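In: task: produce atomic coordinates for the following.
(3 chains)
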Amino acid sequence: QSNVTIYGRLNTTVENQKNIDSADSKTVLNNVASRLGFKGTEDLGGGLKALFLIEHRFASDTGVAADEFWSGDAFVGLETPYGTVRAGRITSPAYYATADYVSLHNHDTGTSADAFYAAASQPKNTVAYLTPSFGGLTAEFAYSADEDVNKPFTKTWQAAVNYDAGPLHLGAGYDENDYGDKQVALRGLYELGAITLGGYYQLADSKDIGKRNSIRGAVQYTLGASEFHVNVGWADDWDDVSKSGAVQYTLGYNYNLSKRTKVYAFYTAINNDSGAAYGTEVDFGKDPRSFGVGIRHNF
Amino acid sequence: QSNVTIYGRLNTTVENQKNIDSADSKTVLNNVASRLGFKGTEDLGGGLKALFLIEHRFASDTGVAADEFWSGDAFVGLETPYGTVRAGRITSPAYYATADYVSLHNHDTGTSADAFYAAASQPKNTVAYLTPSFGGLTAEFAYSADEDVNKPFTKTWQAAVNYDAGPLHLGAGYDENDYGDKQVALRGLYELGAITLGGYYQLADSKDIGKRNSIRGAVQYTLGASEFHVNVGWADDWDDVSKSGAVQYTLGYNYNLSKRTKVYAFYTAINNDSGAAYGTEVDFGKDPRSFGVGIRHNF
Amino acid sequence: QSNVTIYGRLNTTVENQKNIDSADSKTVLNNVASRLGFKGTEDLGGGLKALFLIEHRFASDTGVAADEFWSGDAFVGLETPYGTVRAGRITSPAYYATADYVSLHNHDTGTSADAFYAAASQPKNTVAYLTPSFGGLTAEFAYSADEDVNKPFTKTWQAAVNYDAGPLHLGAGYDENDYGDKQVALRGLYELGAITLGGYYQLADSKDIGKRNSIRGAVQYTLGASEFHVNVGWADDWDDVSKSGAVQYTLGYNYNLSKRTKVYAFYTAINNDSGAAYGTEVDFGKDPRSFGVGIRHNF
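Out: Next up, the predicted model:
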């Protein structure tokens, strides 16, 4: 079948968790953003290409599908010499340009995912326009229509910029919505031989609880098939919520059995101040932790 | 993988709509019958073939799956020299022989879909038998078992006839159900060089609201990669509902970037009499309209 | 696409049923464990292999997906010279080693499925370890974590043994759960030219209703493309439920149109004692029966 490419990822861990899902301690299997996708392009001549992608997310520990089946994106688009237009469900370009880019261990998924990144956009009913590359610089703009009645906000605007120059990679993202939330983030990443350094700063502005600064840094050291990761994030108080700051850190080790398959281990922790509850169903002021081992296989 | 063929379609529009979903006016992204299918045949020798098809429908604007996941059909069957038998979920042969055949713009999908065709059958738990072709003439018969408790009717019978003779294509469809509804429709289509003319007449007989006549005509003019479409339907009053008539018309323009990919624009409107509410969640007597631009990509 | 293999099965019957779903008599289409799967392996060198499998189950008669979409398994694993480890949703190895192995007609699926096999394990959040083969002998151990709050039991342990020596195939399975249920079963199967004989014995121990013995035997006779099947099971009373025994028997005929495609017919019946209700939504003491014809196509 030449018109469609199937791809996917199984990523599953066994974890010992504390203060997660409001449980003191438990040992669980965990899905880490496993997916199954179908995509393709068609060359239309004259610099035109049609493209599509639909990506399903599911729980690799239980076999249960995501509530919104193709929650990993569902779009069709046209690539032209003047840029690429896509329409459908589209994961935030502002997010990809910033938080996603630096979370080097396990790509910002699973228990060690970035707990602090604040989004002001939603992916559904979105039209996105990506510029051509100007010497390594691209920009993308996205608008999501006002159709989802289950959210406080539905109409959202985004802008994202990415710049690549050899070992240096910069990015910025902005989004806002009709409810009144907005955020801006700036990201940098530098490759220094075996070491990769990345980080981003975010200023989030929530209509309900005011502004908040946060920052994250990540270091990766590669030695043969081994990767060592350290990732630390800090979130200040929201202006209108006292004691709502937190610190998150992750120590990770990946062993690449091939380009497609790795086994890994990590320890991740969040220290919540008394008015913060970062993490997955965490009680206020509690500090979630997890030690996990896992396997990730791309296909 | 030789035993299975993957196929599908992304079809997404941006539309400005009036009086649809009981909203005065809104701009939305819209899914137009997007799908993902798996099918195959096996040659068993002696003129025998096994065949299967499962086709998923999903919302290309939001990534949400259809409530009944394989709602685009799910059947297995045997093709023999004496005809083809299929069993499973099977879209109405009576519908394919009539309303589906003439709706030339966008194949009777999306906002511009035929609002008047009245079906008396349902697709689930169906066995269908298709005759061999006798000089271009085929007939198909289908029976759906009495298993769906969520509908007023569940046991349904269908017959469909198709005849092809060069540029002339004729069809007829009949279905009825155990609740007491039935319908019959006659269709013709003629290819006249760059022009294609199609139309069908339907007599629907509803147990609850009596009989209704309706008629639809469609014209397609092809010029290079461009297609111009006009489609007009008229529905008379239901016998027992006064002022329940309506007129629907669509002007469509398709530009074929390739055999698989087109971009298009259309304007569609329904004029409902005071006792009619044709369209998607339309209030009685209101006139839904939509102007849309879209892209359709087959794979 | 070299990294993933698509496979599946459509299996659909038309059946005349009595005393099933609390209906006196009805004619229905029935799905018989139809599925669609994606799987793959990657050779990592040094005797290591990565492997994955996700298998969807759906109703081939209606097109409706299983509530838990990938209910036919969803796992990722590593094969090593020291055995194979898998993690995810994994169908019971204890079941595969015993009840599944001997139900020769239609592989223990559909209306003629084994009504008596009692499982004490569940598939979700499971880690399984399979030993290498020692002269035809393998053992597998599985543990399922305590995460499913919708069941009386969630934490389960399993062990399974399989032994193959030419025409002789032996197996045993054990599982138990934290609620207090357990079961053990022993299976044998012998290939004697055109005849295959199989059977298993099970001792089930339910915390709520005590112990129960059951036994099942199956005979297959192959003549060219035809297979004749007889399958008889007997379940004794549960210790704490009087008159809770039953007998189940199935007569089956398969005609193999190819290795992938068969058509078949069967008659299956359960005779329930007054305190037993084996079968699908059967009233106590009622005797479900079904005569069915079907087609199964593998791809």
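
In: CA only for contacts and neighbour counts going forward, please
Out: Will do.

In: show me what from the stretch 1-150 of chain A comes close to chain C.
Out: Applying Cα under 8 Å from any Cα of the partner chain, one finds that the stretch 1-150 of chain A approaches chain C through A:5-7, A:10-12, A:27-30, A:60-65.

In: actually, the stretch 151-299 of chain A.
Out: Residues of the stretch 151-299 of chain A lying near chain C (Cα under 8 Å from any Cα): A:257, A:258, A:261, A:295, A:297, A:299.

In: now which of those would you call buried?
Out: A:257, A:261, A:295, A:297, A:299 (16 or more other Cα atoms under 10 Å in any protein chain shown).

In: in strands only, show me the residues you listed.
Out: A:261, A:295, A:297 (DSSP state E).

In: and the residue lying closest to the last one once chain neighbours are set aside, what does it touch?
Out: It refers to residue A:297. In space, and not counting its chain neighbours, residue A:297 is closest to residue A:261: 4.5 Å by Cα to Cα, 6 or more residues apart in numbering or on different chains. Going by Cα atoms under 8 Å, 6 or more residues apart in numbering or on different chains, residue A:261 touches A:295, A:296, A:297, A:298, C:50.

In: mind listing the residues bridging to the first one?
Out: Counting by DSSP bridges, residue A:295 forms beta bridges with residue A:12, residue A:263.

In: show me the contacts for it.
Out: Counting by Cα under 8 Å, 6+ apart, residue A:295 has contacts A:10, A:11, A:12, A:13, A:261, A:262, A:263, A:264, C:76, C:77.

In: now, which of the residues you listed sits nearest chain B?
Out: residue A:10 (20.3 Å; Cα to the nearest Cα).

In: and the one residue in chain A that gets nearest to chain B, what is it in contact with?
Out: Residue of chain A nearest chain B, by Cα to the nearest Cα: residue A:88 (4.0 Å). Going by Cα under 8 Å, 6+ apart, residue A:88 touches A:73-76, A:124-127, B:12, B:29, B:60-63.

In: where exactly do the helices run in chain A?
Out: Along chain A, the stretches classed as helices by DSSP state H are A:93-96, A:99-102.

In: quick one: mean pLDDT for the last one?
Out: Right, helix A:99-102. For helix A:99-102, mean pLDDT is 94.

In: residues making contact with that helix?
Out: Residues contacting helix A:99-102 (Cα under 8 Å, 6+ apart): A:107, A:108, A:114, A:117, A:187, A:188, A:189, A:198, A:199, A:200, A:217, A:218.

In: now it: how far from the chain's centre is it?
Out: Here helix A:99-102 is found 6 Å from its chain centre; the criterion is Cα atoms, centre = their mean, to the nearest Å.

In: same thing with the first one?
Out: Using Cα atoms, centre = their mean, the mean C-alpha position of helix A:93-96 is found 8 Å from that of the whole chain.

In: mind giving me the packing neighbours of it?
Out: strand A:137-144, strand A:156-165, strand A:168-177 (3 or more Cα pairs under 8 Å, 6 or more residues apart in numbering or on different chains; DSSP states H and E).

In: of these, flag the one that's most buried.
Out: strand A:168-177 (a mean of 23; mean count of other Cα atoms under 10 Å in any protein chain shown).

In: what angle sits between that strand and strand A:137-144?
Out: For strand A:168-177 against strand A:137-144, the angle by axes from the mean of the first three to the mean of the last three Cα atoms, to 10 degrees is 20 degrees.

In: sheet partners, orientation included, of strand A:168-177?
Out: Going by DSSP bridges, the partners of strand A:168-177 are strand A:156-165 (antiparallel), strand A:182-192 (antiparallel).

In: what residues does the last one touch?
Out: With contacts defined as Cα under 8 Å, 6+ apart, strand A:182-192 is touched by A:97-99, A:102, A:118-120, A:167-176, A:196-206.

In: what of the first one?
Out: Strand A:156-165 is contacted by residues A:92-94, A:97, A:120-122, A:136-146, A:169-178 when judged by Cα under 8 Å, 6+ apart.

In: flag every residue of the stretch 101-250 of chain A that's near chain B.
Out: A:123, A:124, A:125, A:126, A:145, A:146, A:147.

In: filter those down to the buried ones, ChimeraX style.
Out: Applying 16+ other Cα under 10 Å to those leaves a buried subset, and the ChimeraX line that selects it is:
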select /A:123,124,125,126,145,146,147
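
In: settle this for me: residue A:253 is touching residue A:264, isn't it.
Out: Yes. Look at residue A:253 against residue A:264 with Cα atoms under 8 Å: they come within range, at 5.5 Å.

In: before we move on, back to that, between the residues of the stretch 151-299 of chain A next to chain C, which is closest to residue A:243?
Out: If you rank those by distance to residue A:243 using Cα to Cα, residue A:295 comes first, at 36.9 Å.

In: one step back: buried subset of the residues of the stretch 1-150 of chain A next to chain C?
Out: Buried among these by 16+ other Cα under 10 Å: A:6-7, A:10-12, A:27-30, A:60-65.

In: how many neighbours does residue A:135 have?
Out: 9 (other Cα atoms under 10 Å in any protein chain shown).

In: pLDDT score assigned to it?
Out: At residue A:135, pLDDT is 95.

In: pull the helix or strand with minimum mean pLDDT from chain A.
Out: Between all helices and strands in chain A, the lowest mean by mean pLDDT, DSSP states H and E belongs to strand A:23-31, at a mean of 90.

In: now for that strand, which elements pack on it?
Out: strand A:5-20.

In: so for the strand it packs on, mean pLDDT?
Out: The model assigns strand A:5-20 a mean pLDDT of 96.

In: run the chain-centre distance for that strand.
Out: 15 Å.

In: which neighbouring elements make contact with that strand?
Out: Using 3+ Cα pairs under 8 Å, 6+ apart: strand A:5-20 touches strand A:23-31, strand A:34-45, strand A:289-298, strand C:74-80.

In: would you check how far apart the spatially most central residue of chain A and chain C are?
Out: When Cα atoms, centre = their mean is applied to chain A, the residue found nearest the centroid is residue A:100 (3.9 Å). Going from residue A:100 to chain C by Cα to the nearest Cα, to the nearest Å gives 24 Å.

In: ok, that residue to residue B:101 distance?
Out: Going from residue A:100 to residue B:101 by Cα to Cα, to the nearest Å gives 47 Å.

In: ok, now residue A:196?
Out: 59 Å.

In: same question for residue A:234.
Out: From residue A:234 to residue B:101 the distance is 61 Å (Cα to Cα).

In: what does residue A:195 give?
Out: With Cα to Cα as the criterion, residue A:195 and residue B:101 are 62 Å apart.

In: more crowded one of the two?
Out: For residue A:195 versus residue B:101, the count of surrounding residues by other Cα under 10 Å is larger for residue B:101: 20 against 15.

In: burial count for residue A:166?
Out: 9.

In: show me where pLDDT drops low in the stretch 51-200 of chain A?
Out: A:148-153 (pLDDT under 70).

In: how about it: which residue is closest to chain C?
Out: residue A:61 (4.0 Å).

In: quick check, that residue in contact with residue C:89.
Out: Yes. Contact criterion Cα under 8 Å: residue A:61 and residue C:89 qualify, at 5.6 Å.

In: before we move on, back to that, show me which of the residues of the stretch 1-150 of chain A next to chain C is closest to residue C:226.
Out: Once Cα to Cα is applied, the member of those that ends up nearest residue C:226 is residue A:63, at 36.7 Å.

In: list the contacts for residue A:216?
Out: Counting by Cα under 8 Å, 6+ apart, residue A:216 has contacts A:199, A:200, A:201, A:231, A:232, A:233, A:234.
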